[in-house]
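# Fold the following and give me the result.
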Amino acid sequence: MADAVSIKQNEITKLQQEIQAAGNLSQPGAEPARYGWGYNRTNNRTFEYGTAYQIGKGDANTDNPVTRRYPLGNKAAIANDVRKWLANANKPHDDWKAASQSYQNVDAKKKQLAKAQQELVQLEADAAQAAAEAAKKQAAQQAAQQAQQQQNIQQLQQGYATTFKNLVTDPAANVTQATVSNIDPNAAGTQIAQGTGQAPNLATQYSASTVGTTAQAAAPDPLMQASLVNPSMSQQGISNAMQAVNPAQGTLSPQAMANAAQMNPSQTQVGNLQAAQGQAIMMNNPVQRQIQAGELISGVADATTAAAFAEQIQAAQATPSQQAMVQEQLSGLMQDFQGANPPAWAAGAMRAALGKMAQRGLGASSLAGQAVVQAAMESALPIAMADAKTISQFEMQNLTNRQQRAMLSAQQRAQFIGQEFDQQFQARVQNAGRIADVANMNFTAEQQVALENSRMANSMNMTNLSNKQAIVMAEAAAITQLEQQNLSNQQQAAVQNAQAFLQMDMTNLSNRQQTALFKGQQIAQSIFTDQAATNAARQFNASSENQTNQFLASLKSQVSQFNTTQTNAISQFNSGQKNAAEQFNSSVQNQRDQFNTQNKLVVAQANAQWRQNVQTINTSSENAANMETARVANQLTTTMVDQLWQRERDIMDFVFKSSESAKERALELILADKKYDEYAIARQDQQSAAKWSIFAQLALGLT
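Okay, here's the model as predicted:
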């Protein structure tokens with residue numbers, strides 16, 4: 001409701017601002033004349049011009065020319081001129097229209113404002129009524145809450161008293177022990193019954209099926225007779241034909257005999273050659289490595305120089321200057337008394353001394369002068385002491401700085417000396433190492449040069465010897481090859497000639513022998529061919545008969561073997577099936593017995609483990625509840641003891657602080673009174689001193 005009132009108030013404020021911004025508008029009055037326009041032409045249709053008329057008056061004034069005449073085709077220029085004329089002629093009507101629109105808008109907003117104000121009044125009334133009802137309801141709620149709070153406070157006070165009493169007498173009474181729900185190990189379904197999951201003791205037995213003896217194959221007829229072959233013999237015919245065949249014979253001609261070429265080994269030119277020989281160059285190593293100058297190093301530390309440097313270091317010393325003396329500072333301050341104007345630091349003391357002497361009636365006596373001088377010196381003494389102390393502190397600090405600077409220089413110099421010793425020693429080590437490296441390199445280079453020279457000389461000698469030996473061997477090989485080639489050529493020529501004559505003799509003999517053999521072969525071949533045809537016919541007939549008889553005998557044997565094999569196979573199969581069935585039945589029975597035994601063990605173990613777990617969980621829950629109860633009770637006892645001690649400490653601290661505060665207030669009052677008296681005495685002294693100071697200045701002419 002409050003949000004609706006706020007929204008409506010904002011709406012009314014916005015409408016009032018808009019109406020105020022629009023101003024106090026009056027009603028525009030009657031509507032002014034409004035004009036339109038069109039085209040027209042002359043009678044001879046040569047020119048055209050624009051005409052204007054008042055809208056709403058009919059066609060009576062439609063021929064009122066507003067532009068000059070233009071030739072035909074200039075409508076754009078005519079329209080431009082008419083537009084300017086209409087802008088001036090219709091301006092009153094446009095202004096009236098704009099004013100009417102503004103007036104209507106303001107009038108509509110005024111009506112909207114009046115309506116919004118009425119709605120605001122209604123909303124405020126509704127809001128007031130709702131607020132009254134809400135206040136009444138809230139008052140009732142507050143009264144109920146106060147009553148409930150009062151009741152709660154009483155209950156809390158009673159509970160607090162009981163709880164506090166229990167904390168002192170019986171802390172465990174304030175602790176609510178947790179209720180432990182134990183697990184019943186004998187509940188239904190918590191244990192596995194005996195015999196659960198057991199299979200029957202006897203397994204189903206398997207009986208093997210057997211196969212009967214099959215039908216036997218019939219045996220073939222056992223009566224068989226083999227056919228015999230009587231071969232035809234061709235020996236007599238061959239013997240008769242071969243009697244006329246005689247072998248051809250021949251003899252070697254003298255030219256077919258080859259004589260071997262020979263040579264005496266002592267007459268060869270190879271025996272006169274000598275093998276090349278050489279002599280190796282042996283290297284004697286005369287170079288011996290010696291330690292060179294600079295390879296040995298010695299230390300660089302000089303204890304005498306270091307001791308002399310350390311003994312030269314003296315502590316910085318100084319004596320106090322004259323400016324650090326109070327006497328010197330006091331003398332300088334006394335020099336400020338020049339002329340009739342005393343220094344500012346002594347003027348106050350001098351005025352106070354003069355005032356006191358004037359109070360005693362001794363303002364113009366010598367005692368007054370001595371008192372003034374004494375007061376000036378007493379005023380100068382603290383200043384002189386402060387100045388001397390300041391200068392002394394500066395001198396002490398300067399002496400300390402010089403000592404520190406000397407020590408820093410000595411330390412830096414000692415470090416530089418140590419670094420110089422280290423650098424010199426390192427330089428010597430590096431120089432000795434470099435010298436040794438150079439000496440080793442020179443020695444190695446000399447050794448390598450000597451070895452290389454010896455190696456090159458031996459290589460050259462070996463190469464020369466190898467070249468000489470190669471030339472000798474090449475000459476021996478060339479001579480041997482030439483002599484062997486000559487001997488081989490002679491031997492080959494003799495063999496070739498003998499082979500030519502022998503070949504001719506062998507060819508003639510072979511031709512005669514072949515002719516005789518061909519004749520005999522042809523005769524024997526014809527006899528063999530005729531006899532072979534006869535024997536082949538006889539063998540084919542006998543073989544066909546024998547093959548038939550052999551097939552019948554083989555068939556009978558195969559039938560007998562097949563019947564025997566079938567009988568043996570069926571017997572073996574039946575026996576194997578019976579054995580397999582017995583083995584299967586025994587295996588199944590053993591597996592079932594093992595399963596039942598293992599299942600019994602698993603059930604017993606599960607039941608035992610369930611009881612153990614339940615007992616352990618119940619015991620653990622009870623122990624946890626008891627432990628938590630004891631812990632909370634101990635905490636409550638500890639908290640109560642701490643609160644009692646804290647209460648006693650707070651009471652004692654309050655009493656002590658109250659007593660001390662009262663004493664401090666009394667002391668501050670006494671000190672304030674004393675301080676006020678001191679201020680009064682000091683003020684009187686200052687006034688008296690100022691007065692006598694003025695008198696003294698007047699008397700001494702210091703003004």
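
# Assess the claim that residue 56 and residue 34 are in contact.
Yes - counting by CB atoms under 8 Å, residue 56 touches residue 34, with 7.4 Å between them. Where you see a C-beta, it was placed from the backbone N, CA and C, and this is true even at glycine.

# which residues are in contact with stretch 110-130?
The contact list for stretch 110-130, computed with CB atoms under 8 Å, 6 or more residues apart in numbering, reads 1-2, 4-5, 8-9, 11-12, 15-16, 19.

# Just the buried residues of these.
Buried members of those, scored by 16 or more other CB atoms under 10 Å, are 5, 8, 12, 15, 19.

# got TSV for those residues, with pLDDT and secondary structure too?
Output for the buried ones among the contacts of stretch 110-130, formatted as TSV (pLDDT from 0 to 100; DSSP: H, G, I helix; E, B strand; the rest coil):
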residue	pLDDT	secondary structure
5	79	helix
8	80	helix
12	85	helix
15	84	helix
19	82	helix
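
# what's the neighbour count on residue 346?
22 (other CB atoms under 10 Å).

# ok, now which ones touch it?
336-337, 375-376, 379-380.

# In PyMOL, how would I select just the buried ones from those?
A single PyMOL command selects the buried members of these (16+ other CB under 10 Å):
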select buried, resi 375+376+379+380
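
# From the neighbour counts alone, determine which of residue 56 and residue 34 ranks first.
residue 34 (16 against 9).

# sorry, back to before: dump the buried ones among the contacts of stretch 110-130 to CSV, plus distance to residue 322.
What follows is the buried ones among the contacts of stretch 110-130, written out as CSV (distance: CB to CB, whole Å):
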residue, distance to residue 322
5, 95
8, 97
12, 96
15, 97
19, 98
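
# quick check: mean pLDDT across the strand or helix carrying residue 649?
Following DSSP states H and E, one finds residue 649 within helix 366-700. Average pLDDT, helix 366-700: 78.

# Mind giving me the packing neighbours of it?
helix 91-169, helix 235-242, helix 303-312, helix 326-334, helix 344-359 (3 or more CB pairs under 8 Å, 6 or more residues apart in numbering; DSSP states H and E).

# winner for burial among the ones you listed?
Mean neighbour count (mean count of other CB atoms under 10 Å) peaks for helix 344-359 among the helices and strands packed on helix 366-700, with a mean of 20.

# Give me the angle between it and helix 366-700.
For helix 344-359 against helix 366-700, the angle by axes from the mean of the first three to the mean of the last three CA atoms, to 10 degrees is 100 degrees.

# how close does the nearest residue to residue 106 once chain neighbours are set aside sit to residue 91?
Nearest residue to residue 106 in three dimensions, chain neighbours excluded: residue 22, at 4.8 Å (CB to CB, 6 or more residues apart in numbering). According to CB to CB, to the nearest Å, residue 22 stands 22 Å off from residue 91.

# How about residue 387?
From residue 387 to residue 91 the distance is 100 Å (CB to CB).

# Same question for residue 84.
12 Å.

# Could you do residue 673 as well?
For residue 673 relative to residue 91 (CB to CB), the value is 98 Å.

# repeat for residue 562
Counting by CB to CB, the gap from residue 562 to residue 91 is 140 Å.

# OK, contacts around the closest residue to residue 353 other than its chain neighbours?
Computed as CB to CB, 6+ apart, the closest residue to residue 353 that is not its neighbour in sequence is residue 375, at 3.8 Å. Neighbour list for residue 375: 346, 349-350, 352-353 [criterion: CB under 8 Å, 6+ apart].

# what do you get if the cut-off is 6 Å, keeping everything else the same?
349-350, 353 (CB atoms under 6 Å, 6 or more residues apart in numbering).

# Could you measure from it over to residue 501?
180 Å.

# Would you mind listing the buried residues in stretch 382-396?
Going by 16+ other CB under 10 Å, stretch 382-396 has these buried residues: 383-384, 387-388, 391-392, 395.

# same question, stretch 427-436
Neighbour count says stretch 427-436 has 428, 432, 435 buried, by 16+ other CB under 10 Å.

# how deep is residue 378 tucked in, by neighbour count?
12.

# What sits closest to it if chain neighbours are left out?
Per CB to CB, 6+ apart, closest to residue 378 is residue 349, 6.5 Å.

# these two touch, right, the one you found and residue 380?
No - using CB atoms under 6 Å as the test, residue 349 is too far from residue 380 to be in contact (9.0 Å).

# picking up where we left off before, now, among the contacts of stretch 110-130, which is nearest to residue 64?
residue 19 (43.0 Å; CB to CB).

# and the nearest residue to the closest one once chain neighbours are set aside, what does it touch?
Closest residue in space to residue 19, ignoring its immediate chain neighbours: residue 109 at 5.5 Å, by CB to CB, 6+ apart. Contacts for residue 109 (CB under 6 Å, 6+ apart) come out as 15, 18-19.

# from the residues you listed, which is closest to residue 149?
residue 15 (49.1 Å).

# picking up where we left off before, for the helices and strands packed on helix 366-700, which one sits closest to residue 613?
Per CB to CB, nearest to residue 613 of the helices and strands packed on helix 366-700: helix 91-169, 38.1 Å.

# Residue nearest the middle of this structure, spatially speaking?
The centroid of the chain falls nearest to residue 624 when counting by CA atoms, centre = their mean (45.7 Å).

# what's the distance between it and residue 634?
From residue 624 to residue 634 the distance is 16 Å (CB to CB).

# just residue 65 next, same as before
Counting by CB to CB, the gap from residue 65 to residue 634 is 121 Å.

# how far away is residue 424 from residue 680?
86 Å.

# the more surrounded of these two?
Shown here are residue 424 and residue 680; by other CB under 10 Å, residue 424 has more neighbours (13 against 10).

# Just the CA atoms of the host helix or strand of residue 86, as PDB, please.
Using DSSP H and E, residue 86 sits within helix 75-89. What follows is helix 75-89 as a C-alpha-only set of coordinates in PDB (Å, rounded to 0.1, in the frame of the first residue of the first chain):
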ATOM      1  CA  LYS A  75       5.000  23.500 -62.800                       C
ATOM      2  CA  ALA A  76       8.000  23.200 -60.500                       C
ATOM      3  CA  ALA A  77       8.500  26.900 -60.400                       C
ATOM      4  CA  ILE A  78       4.800  27.500 -59.900                       C
ATOM      5  CA  ALA A  79       4.700  25.000 -57.100                       C
ATOM      6  CA  ASN A  80       7.700  26.700 -55.400                       C
ATOM      7  CA  ASP A  81       6.000  30.100 -55.500                       C
ATOM      8  CA  VAL A  82       2.600  28.700 -54.300                       C
ATOM      9  CA  ARG A  83       4.500  27.000 -51.400                       C
ATOM     10  CA  LYS A  84       5.800  30.300 -50.200                       C
ATOM     11  CA  TRP A  85       2.400  31.900 -50.500                       C
ATOM     12  CA  LEU A  86       0.700  29.100 -48.600                       C
ATOM     13  CA  ALA A  87       3.400  29.300 -45.800                       C
ATOM     14  CA  ASN A  88       2.300  32.900 -45.100                       C
ATOM     15  CA  ALA A  89      -1.400  32.500 -45.700                       C
END
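
# Thanks again, I'm all set now.
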